[in-house]
Every structure is written in C-alpha cells, then in structure tokens.
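What follows is a predicted protein model with its sequence.
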Amino acid sequence: LIPFQTTLPKGVKQKVKKAKPSGPKRGHNLYIAPKKQNLIQQDKVAAEVSKIINEKNEELVKGRADTAVGRNKTD
C-alpha cells in the first residue's frame, strides 16, 4: 500500500495535538517547603516585631498631627 496525502478544503486547519501546560497544577505546590525552619521562625518574629513598632509609630505620629491641628485639646 502506498500512503497518500488527502487535500483538505480551503480554510480548514490541520489537526495538531495541543501541548499540555508544564508545571504544577493550579493550587498545588503553592509554597516551597523551607529548608531551614529556624530561619523561617526568625523571619516571622522579626515581621511581628516590626508590625508592632510600626503601629506604635503610627499612633505617635497621629497624636502629634492631631495636636498640631488642634483636634484633641485638653482644656
């Protein structure tokens, strides 16, 4: 048997296999497992400390701004 090529009608595309997307599926493997647990813990503590410091600073600045504008006058 001689394999023969059929001609497709105009405007018809050849069948092509879609390439599957590589990599993990959506939702899977969201975070990479940490290699050094103690470093992760230190980062968490540092983040918490800086958050508290920022809150305190914001309160101070807010208080100063309020007194400068004259919002909370103590008569």
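Here it is on my side, so go on.

Please report how far K56 lies from V49.
For K56, the distance to V49 equals 11 Å [CB to CB, to the nearest Å]. Bear in mind the C-beta positions are built from the backbone N, C-alpha and C, glycine included.

go on, A19?
On the measure of CB to CB, A19 and V49 end up 48 Å apart.

the more surrounded of those two?
Neighbour count, other CB atoms under 10 Å: between A19 and V49, V49 has more, with 10 against 6.

and the more buried one, what does it touch?
Contacts for V49 (CB atoms under 8 Å, 6 or more residues apart in numbering) come out as none.

i'd like the first residue to be 194 from this point on
Will do, 194 is the new start, and the previous item becomes V242.

And it, what's its pLDDT?
V242 is assigned 97 on the pLDDT scale.

Secondary structure element for it, which one?
Assigned by DSSP states H and E, V242 belongs to helix 230-262.

how about that helix: buried residues?
Judged by neighbour count (16 or more other CB atoms under 10 Å), helix 230-262 contains no buried residues.

Off-centre distance for it?
22 Å (CA atoms, centre = their mean, to the nearest Å).

Export only the CA atoms of stretch 203-212, formatted as CSV.
C-alpha atoms of stretch 203-212 as CSV (Å, rounded to 0.1, in the frame of the first residue of the first chain):
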residue,chain,number,x,y,z
LYS,A,203,-9.9,25.7,1.9
GLY,A,204,-10.0,27.3,5.4
VAL,A,205,-9.6,24.0,7.3
LYS,A,206,-6.6,23.7,9.6
GLN,A,207,-4.6,20.5,10.1
LYS,A,208,-5.2,18.6,13.3
VAL,A,209,-2.5,19.4,15.8
LYS,A,210,-2.1,17.9,19.3
LYS,A,211,-2.2,20.6,22.0
ALA,A,212,0.8,20.9,24.1
